[in-house]
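Asker: Below: sequence and its predicted model.
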There are 2 protein chains.
Amino acid sequence: MHKETVKDIGEKELIKRLAKYMPPDQASDDCAFIDTKRENLLINTDLMVEKTHFNNKIISPRDIGWKAVTTNYSDLISSGCIEFIGVNIGLVLTPKTEWAWVQELYEGFNEALNQFGGSILGGDCSRGESKMISVTAIGLQSKLKLRRNACKPGEVLLTTGIHGLSKLGLQIRTKQIKRKDLNLNEELIRDSINAFCRPTPKNKIFKTILRSSEFSINKEIGCTDSSDGFYQAILDLCKESKCKAIIDYQKIPKKDYWPKGQKWDQFYFFGGEDYELLISLPRDLATKLMQIDNEISEIGYFAQGSPNVEIKNYPNKYLNNISYSHF
Amino acid sequence: MHKETVKDIGEKELIKRLAKYMPPDQASDDCAFIDTKRENLLINTDLMVEKTHFNNKIISPRDIGWKAVTTNYSDLISSGCIEFIGVNIGLVLTPKTEWAWVQELYEGFNEALNQFGGSILGGDCSRGESKMISVTAIGLQSKLKLRRNACKPGEVLLTTGIHGLSKLGLQIRTKQIKRKDLNLNEELIRDSINAFCRPTPKNKIFKTILRSSEFSINKEIGCTDSSDGFYQAILDLCKESKCKAIIDYQKIPKKDYWPKGQKWDQFYFFGGEDYELLISLPRDLATKLMQIDNEISEIGYFAQGSPNVEIKNYPNKYLNNISYSHF
């Protein structure tokens, strides 16, 4: 059965349909108006390109939509965003793209927006040889600035959660790892696929910090998200803050049933598309935060020294950085 | 000779090089911080896709960069932007893209930013099967709101300039029109190619309006830019303002040496990628504005009636809308 494609619809009708996903007062003008409520803003753009980040076999359009918004929001959170305003969406489609695909994508955008806040502000749509989604997210900067360059020697390094799952989920979906061959635990498989398809930005922890009276306002806190992988995130903190990190392999929180071995450590360290936060705090505040939120773990500390990541209780004190390159 | 490609460089080095085009305090974090100076904002995203909007034969990377910023700014201007904050850039490149191409593109971005204001705030870069540039521009909303839905019956319709040149420039560059065959005037050819490659957003006229004491502040004025073509822009104003426009063919300003004939009228009406403003004003303010800026012309007026464009002094009172569809 022939399904309705973007070419069948034509550009005008397509834009009209997409406008239904936006607030009515935003859809009709040259560009979107933002009432900033007199706050300062954070802005972030992320691209998702067909065959690079997704294809029909490994992730549904609804999950792509969810992921495009949530991964973007994760970047805003890791800079101290307190409220999401919304997203501008640049959408490149092939003429043969089915309308149902576009519709599910937008339902995914709005599912994430409904859960975390903000709306579709505007965007652009164009024809291309393969699909591409460019999402620019805008949020309000809270009084607490989270910055990569604000880690200080002596501070404790915290993580909001577990790493490596998304990479495992991708490898299962692309059949680079076969479930049966590895006899992987079913719960681990489910959580890994979920981590890859439906990442959840860590917005609650940050609200916890803001609510707590121990954390003075107008302060900069060392922080980044682990979208480029656990190891790369810590290295980024070290480079921007001009100090070194010492992490304890035994303290790193792992998923139940996470297998042992070098391959699995690689997934953990260099997985990427993890959206946990890595936070640097003085000892007293770190302890306080772990008391408030028991998903947060202490995994090491920062020290004076040239920017690098040192690993205690592990055969290799220093790792070969094998972080991902698109090119 | 092998020229350095994106693949040769690798992603990390590429991002490092691109960061040099940004203010130093923006380059190092998860997302860009915007000091809004307590104003409200306008945001707009435009896509430029290889083979859809550009290819190496018809426009240089420097001109693409210029155009990506200026056409975006034109949308901001036509909503009442008084100051440009900057742009977030999503860049999709093929591995074989030469670094020199990327460099020229960014020089084009910055050439436009230096001329009109704002800077590169941040962005993302990814691999793809063809090149794509997604630019999201942010600007401050002035007290004067320019909106498509604010035209009123009885108001005069003004244009800031001439239409159809960009389309002619494109057709010359793609060799759909051969210069010699048509014996076109050299100045017209030069101006047309310039209109296609180096469009200039009409930011001055708006400052003129704001400076003039006759224009009360906090007012909405009917306005759009003609990026989708002269006819489509007027039709958009009619649709959003729920009234009709009557324009006088004899009053429409044309370029010297612009040829006569239906084909040329089509270029004029349905050309697209014109970045003039179409403004709706009461008679007294319209007269005042034309006195201040002699490039502005009166071309018709708005009247009560169902949304449509009527043309006086022309064989066809109503035109067949043949505006461009990407799909």
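Answerer: Noted; the coordinates are in hand. Computed from a predicted model, the values in this text were never measured in an experiment. Numbers count the residues shown, from 1 in each chain, chains lettered A, B, ... in the order given.
Asker: how's chain A carved up into domains?
Answerer: A:6-141, A:145-312 (automatic domain parsing).
Asker: closest one to B:S130 among these?
Answerer: B:S130 sits nearest to domain A:6-141 of all the domains of chain A, at 5.1 Å, using Cβ to Cβ. The C-beta positions use only the backbone N, C-alpha and C, and glycine is treated the same way.
Asker: Report the rounded mean pLDDT for that closest one.
Answerer: Throughout domain A:6-141, pLDDT has a mean value of 85.
Asker: That domain: end-to-end distance?
Answerer: Domain A:6-141 has its terminal residues 38 Å apart, counting by Cα to Cα, to the nearest Å.
Asker: the helices in chain A, which residues?
Answerer: A:6-9, A:11-19, A:61-77, A:99-116, A:165-173, A:179-182, A:186-197, A:203-211, A:230-241, A:262-270, A:283-292 (DSSP state H).
Asker: Please identify the most buried of those.
Answerer: Highest mean neighbour count of those: helix A:61-77, a mean of 26 (counted as mean count of other Cβ atoms under 10 Å in any protein chain shown).
Asker: export that one as CSV, just CAs?
Answerer: What follows is helix A:61-77, C-alpha atoms only, in CSV (Å, rounded to 0.1, in the frame of the first residue of the first chain):
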residue,chain,number,x,y,z
PRO,A,61,10.8,8.2,14.6
ARG,A,62,9.0,8.8,17.9
ASP,A,63,12.2,7.9,19.8
ILE,A,64,14.3,10.1,17.5
GLY,A,65,11.9,13.0,18.3
TRP,A,66,12.2,12.2,22.1
LYS,A,67,15.9,11.9,21.9
ALA,A,68,16.5,15.1,19.8
VAL,A,69,14.8,17.1,22.5
THR,A,70,16.0,15.4,25.6
THR,A,71,19.7,15.2,24.6
ASN,A,72,19.6,18.8,23.8
TYR,A,73,18.0,19.6,27.2
SER,A,74,20.7,17.6,28.8
ASP,A,75,23.2,20.1,27.5
LEU,A,76,21.1,23.0,28.9
ILE,A,77,20.8,21.3,32.3
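Asker: That helix vs chain B: in contact?
Answerer: Yes: residues of helix A:61-77 contacting chain B under Cβ under 8 Å from any Cβ of the partner chain: A:75-76.
Asker: elements contacting that helix?
Answerer: Using 3 or more Cβ pairs under 8 Å, 6 or more residues apart in numbering or on different chains; DSSP states H and E, the elements in contact with helix A:61-77 are strand A:41-49, strand A:81-93, helix A:99-116, strand A:132-141, helix A:186-197, helix A:203-211, strand A:220-225.
Asker: do you know how far the residue nearest to the spatial centre of chain A is from A:N56?
Answerer: The structure's chain A has its C-alpha centroid closest to A:T71; by Cα atoms, centre = their mean the separation is 3.2 Å. Counting by Cβ to Cβ, to the nearest Å, the gap from A:T71 to A:N56 is 19 Å.
Asker: Write out the residues of the stretch 51-200 of chain A neighbouring chain B.
Answerer: Contact residues, the stretch 51-200 of chain A versus chain B (Cβ under 8 Å from any Cβ): A:51-53, A:75-76, A:78-79, A:88-93, A:95, A:121-130, A:132, A:134, A:136-138, A:141, A:145, A:147-149.
Asker: same thing but at 7 Å, please
Answerer: On the criterion Cβ under 7 Å from any Cβ of the partner chain, chain B has as its neighbours in the stretch 51-200 of chain A the residues A:51-52, A:75-76, A:78-79, A:88, A:90, A:92, A:95, A:121-124, A:126-130, A:132, A:134, A:136, A:138, A:141, A:147-149.
Asker: What's the ChimeraX syntax to select whichever of those residues are buried?
Answerer: To isolate the buried members of these in ChimeraX, using 16 or more other Cβ atoms under 10 Å in any protein chain shown:
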select /A:52,75,76,78,79,88,90,92,121,122,123,124,126,127,128,129,130,132,134,136,138,141,147,148,149
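Asker: ok so, going back, mind checking the helices and strands packed on helix A:61-77 for the one nearest to B:L278?
Answerer: Closest among these, using Cβ to Cβ: strand A:81-93, at 23.8 Å.
Asker: Which elements pack onto the closest one?
Answerer: Applying 3 or more Cβ pairs under 7 Å, 6 or more residues apart in numbering or on different chains; DSSP states H and E, one finds that strand A:81-93 contacts helix A:61-77, helix A:99-116, strand A:119-127, strand A:132-141, strand B:41-49, strand B:132-141.
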